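**Q** The following block contains a protein sequence and its predicted model.
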Amino acid sequence: MTLAEEILQAQAQEKVTALGTADIVVGIPSYNNARTIGHVVRAAQAGLIKYFPTWRAVIVNSDGGSTDGTREVVEKANLDTQELLLVSHPQQPVQRLTTPYHGVPGKGSAFRTVFRIAELVHARACAVVDADLRSITPDWFELLLWPVLEREYDYVAPYYKRHKYDGTITNSIVYPLTRALYGQRVRQPIGGDFGLSGRLVQHLLTRDVWATDVARYGIDIWMTTTAIAEGFKVCQAYLGAKLHDAKDPGADLSAMLMQVVGSVFNLMETYRGVWTQTQNSQPAPLFGFPFEVGLEPVSINLARMIGAFAQGCRDLRPIYKQFVSAATLEELAQAAALPADRFILRDGTWATVVCDFALAHHRRTLNREHLLKSLTPLYLGWVASFARQTEPENAIQVEERIEKLCLVYEQLKPSLIPHWDAKRGESHE
């Protein structure tokens, strides 16, 4: 059985063969997104027709077994090109293909199908976007694809304007830790919408991750980290607002935190030889014009998060004592004793906790699933502290606060390396 036969069903293989070659592939993974995917498909069509009228392009819907008519919506999503203001008439029609994906259920397996099709048609550039986007515009496709096609970038990460209480896992852990480790300031490393070169697509397909948990829930951070750590040319594209169904950062997030942070920690094992040799961080080039956008509010429950933090500090102290220093435990206890109107968790305390968890994960101090779940109440404490302090602040002030947190991570990194390389039981205090 060939690789194409393994990934693609016979019917999909025939459709791809019939397409011949294409310069651009746009992938839209989906699962029960009938309500929104039509808008995304039409935006992709408009973007490709407007900005790449002479390039052969195909839109691929890689579906996870939707039962709400998602695939039928894709097939019927037509765009009236007369409504577009075009400088030149498109010379190439935009092809569409919808196919189920196979393998481990999850976004990664959907990406694998898209990437395999891109490889088969010898695409020069590939973009992948979420199927539930309400804020996507045709301009997104120029921004995700142009740096690849015209500037020879391999990986285009998204840069969004987000509400200050949206994306708190990214703000508190994923962005500052990834930046400190690998030296590239990619603001949204798990944003969900990316541009890739054909060269990077082919490279990712050779990696042995597609039958693992990476394909289930860690694909975004894996792609970003792989691109940075393996020397591919990386940039960012300013896409404006990303409107999606945001959730209360304090609501039922233990599984998400475990999956995302676990992926970051696992990648530290893979790329230990890279991050231990990387010093400081540099801005990743940003394409597009940053403009202010209206954002949907995100509600949070401060009292509940502070309560969960305080309870976690009490109930889970025996677990934390196994890998968190006495001084840090005391700082956590002092924070837990503060009244809600004065509650604060210092950046230094929080970043130290994350590094302690990374080391415990590396050393397998206890069951990794239990370890990561025990991070949840401490994370809620950081979110509560962040929300209370930023309540009167504007977007620029909030970003400055996150920048300061990133610098704390970078300052801690030199002390993390000897602990990481030490044999269990050795001390580097």
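**A** Sure, I can see it.

**Q** helices and strands of the protein: which one bottoms out on pLDDT?
**A** Between all helices and strands in the chain, the lowest mean by mean pLDDT, DSSP states H and E belongs to helix 3-7, at a mean of 58.

**Q** by contact count, what packs against the next helix-or-strand element following that one?
**A** Using DSSP states H and E, the helix or strand that follows helix 3-7 in sequence is helix 10-19. The contact analysis (3 or more CB pairs under 8 Å, 6 or more residues apart in numbering; DSSP states H and E) places helix 10-19 against helix 3-7, strand 94-100, helix 107-120. (Glycine included, C-beta is placed from N, CA and C.)

**Q** The ones you listed: lowest mean pLDDT?
**A** Least confident of the helices and strands packed on helix 10-19, judged by mean pLDDT, is helix 3-7 with a mean of 58.

**Q** Please report how far residue 122 lies from residue 211.
**A** Between residue 122 and residue 211 the computed distance is 26 Å (CB to CB, to the nearest Å).

**Q** typo on my end, residue 162
**A** As judged by CB to CB, residue 162 and residue 211 stand 32 Å apart.

**Q** Look at those two and report which has more neighbours.
**A** residue 162 (25 against 13; other CB atoms under 10 Å).

**Q** Run a quick check on that one versus residue 242, I expect a contact.
**A** Yes: look at residue 162 against residue 242 with CB atoms under 8 Å: they come within range, at 6.5 Å.

**Q** residue ranges of the helices in the stretch 101-250 of the chain, please?
**A** In the stretch 101-250 of the chain, the helices defined using DSSP state H, counting those that start in this stretch lie at 107-120, 139-151, 168-169, 175-182, 198-205, 213, 219-229.

**Q** Tell me who's in contact with the residue nearest the centre of the chain.
**A** For the chain, the residue nearest the mean C-alpha position is residue 190 (0.9 Å; CA atoms, centre = their mean). Residue 190 makes contact with 169, 170, 174, 220, 221, 224, 260, according to CB atoms under 8 Å, 6 or more residues apart in numbering.

**Q** Report the two of these separated the most.
**A** Pairwise distances across the contacts of residue 190 peak at 14.2 Å for 169 and 224 (criterion: CB to CB).

**Q** And these two? Which one has more around it.
**A** Counting neighbours by other CB under 10 Å for residue 169 and for residue 224 shows that residue 224 has the greater number, 24 against 19.

**Q** In JSON lines: the helices of the stretch 101-250 of the chain, plus distance to residue 305.
**A** Listed next are those as JSON lines, based on distance: least, CB to CB, whole Å:
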{"stretch": "helix 107-120", "distance to residue 305": "28"}
{"stretch": "helix 139-151", "distance to residue 305": "33"}
{"stretch": "helix 168-169", "distance to residue 305": "10"}
{"stretch": "helix 175-182", "distance to residue 305": "20"}
{"stretch": "helix 198-205", "distance to residue 305": "37"}
{"stretch": "helix 213", "distance to residue 305": "27"}
{"stretch": "helix 219-229", "distance to residue 305": "24"}
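
**Q** Of the ones you listed, which shows the lowest average pLDDT?
**A** It's helix 213: among the helices of the stretch 101-250 of the chain, that one has the lowest mean pLDDT, namely a mean of 82.

**Q** And it, how far out from the chain middle?
**A** Here helix 213 is found 15 Å from its chain centre; the criterion is CA atoms, centre = their mean, to the nearest Å.

**Q** quick one, phi/psi of the residue nearest to residue 122 when sequence neighbours are not counted?
**A** In this structure, residue 122 finds its nearest non-sequential neighbour in residue 21, 5.1 Å apart by CB to CB, 6 or more residues apart in numbering. Main-chain dihedrals, residue 21, degrees, to the nearest 10: phi -120, psi 160.

**Q** ditto for residue 329
**A** Per-residue torsions, residue 329: phi -60, psi -40 (degrees, to the nearest 10).

**Q** contacting residues around residue 387?
**A** By CB under 8 Å, 6+ apart, residue 387 lies in contact with 164, 165, 300, 302, 305.

**Q** Make sure it is indeed in a helix.
**A** Yes: under DSSP: H, G, I helix; E, B strand; the rest coil, residue 387 sits within a helix.

**Q** Return the distance of it relative to residue 255.
**A** Note on residue 387: its distance to residue 255, by CB to CB, is 22 Å.

**Q** Verify the stated contact: residue 97 with residue 57.
**A** No: using CB under 8 Å, residue 97 is not in contact with residue 57, being 11.3 Å away.

**Q** Looking at the two, which one has more neighbours?
**A** Taking residue 97 and residue 57 together and counting by other CB under 10 Å, residue 57 has the greater number of neighbours (28 against 20).

**Q** Which strand residues bridge the more buried one?
**A** Judged by DSSP bridges, the bridge partners of residue 57 are residue 24, residue 94.

**Q** Report the separation between it and residue 8.
**A** For residue 57 relative to residue 8 (CB to CB), the value is 19 Å.

**Q** swap in residue 364?
**A** Residue 364 sits 38 Å away from residue 8, going by CB to CB.

**Q** who has more neighbours, those two?
**A** The residue with more neighbours, out of residue 364 and residue 8, is residue 8; 23 against 10, by other CB under 10 Å.

**Q** I figured the more buried one hits residue 112, correct?
**A** No: contact criterion CB under 8 Å: residue 8 and residue 112 do not qualify, at 10.0 Å.

**Q** which residues do these two both contact?
**A** By CB under 8 Å, 6+ apart, residue 8 and residue 112 have no common neighbours.

**Q** could I get the contacts of residue 190 as TSV with distance to residue 380?
**A** Below are those laid out as TSV (distance: CB to CB, whole Å):
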residue	distance to residue 380
169	11
170	16
174	16
220	23
221	21
224	25
260	15
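
**Q** ok, so of those, who is nearest residue 36?
**A** residue 220 (19.0 Å).

**Q** Surely residue 16 touches residue 120?
**A** Yes: using CB under 8 Å, residue 16 is in contact with residue 120, at 5.2 Å.

**Q** What is the burial count for the residue nearest to residue 51 when sequence neighbours are not counted?
**A** Among residues not flanking residue 51 along the chain, residue 142 sits closest, at 4.1 Å (CB to CB, 6+ apart). Residues contacting residue 142 under the criterion other CB under 10 Å number 19.

**Q** how close does residue 142 get to residue 73?
**A** Taking CB to CB as the measure, residue 142 falls 24 Å from residue 73.

**Q** again, but for residue 239
**A** In this view, residue 239 and residue 73 are 23 Å apart by CB to CB.

**Q** Over to residue 222?
**A** From residue 222 across to residue 73, the span is 29 Å (CB to CB).

**Q** try residue 151
**A** For residue 151 relative to residue 73 (CB to CB), the value is 34 Å.
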